[in-house]
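1. sequence below, structure please.
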Amino acid sequence: MKFLAVCGFGVGSSMILRMSLEKAFENLGVDIEADFTDLNNARAIPCDVIFTSAELCEELKNSVKVPVYPVKKYVDMVEIDAVVRQFLDDQGISY
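-> Just a heads-up that it's a prediction; the model follows:
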């Protein structure tokens with residue numbers, strides 16, 4: 001399974017989000033492949049799910065065919081864990 005962490009420019013905040021998401025998936029014992037990118041490139045990179053800011057969520061939902069989940073605080077592991085669990089539950093993936 002591959003996820004993308006997406007921010008407007010694909011540099012700082014998406015990298016932080018990716019690291020937090022990797023930790024959450026690892027803590028749940030779920031193997032993933034992770035990448036981070038900017039908004040424009042996210043539309044062209046094959047993946048299973050996208051995590052991004054609430055501000056970019058709707059725009060991405062309208063332009064990709066994979067689930068998109070918003071994250072407000074990229075270093076809040078309680079929120080990150082909840083978002084990851086929601087994605088896994090939505091997809092019927094055991095953890």
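
2. name the nearest residue to Glu33, ignoring sequence neighbours.
-> Distance criterion C-beta to C-beta, 6 or more residues apart in numbering; nearest residue to Glu33, sequence neighbours excluded, is Lys2 at 4.2 Å. The way it works is simple: take the backbone N, C-alpha and C, and place the C-beta from them, glycine included.

3. pull up the per-residue confidence for that neighbour.
-> Predicted confidence (pLDDT) for Lys2: 97.

4. can you show me the CA trace of the helix or strand where Ala5 lies as CSV?
-> Here Ala5 sits within strand 2-7, counting by DSSP states H and E. Extracted C-alpha coordinates of strand 2-7, given in CSV (Å, rounded to 0.1, in the frame of the first residue of the first chain):
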residue,chain,number,x,y,z
LYS,A,2,1.3,3.4,-0.9
PHE,A,3,0.3,6.8,0.5
LEU,A,4,1.1,10.4,-0.4
ALA,A,5,1.5,13.2,2.1
VAL,A,6,0.7,16.4,0.2
CYS,A,7,1.2,20.1,0.8
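
5. in its sheet, what does it sit against?
-> Strand 2-7 pairs in its sheet with strand 33-38 (parallel), strand 49-52 (parallel), by DSSP bridges.
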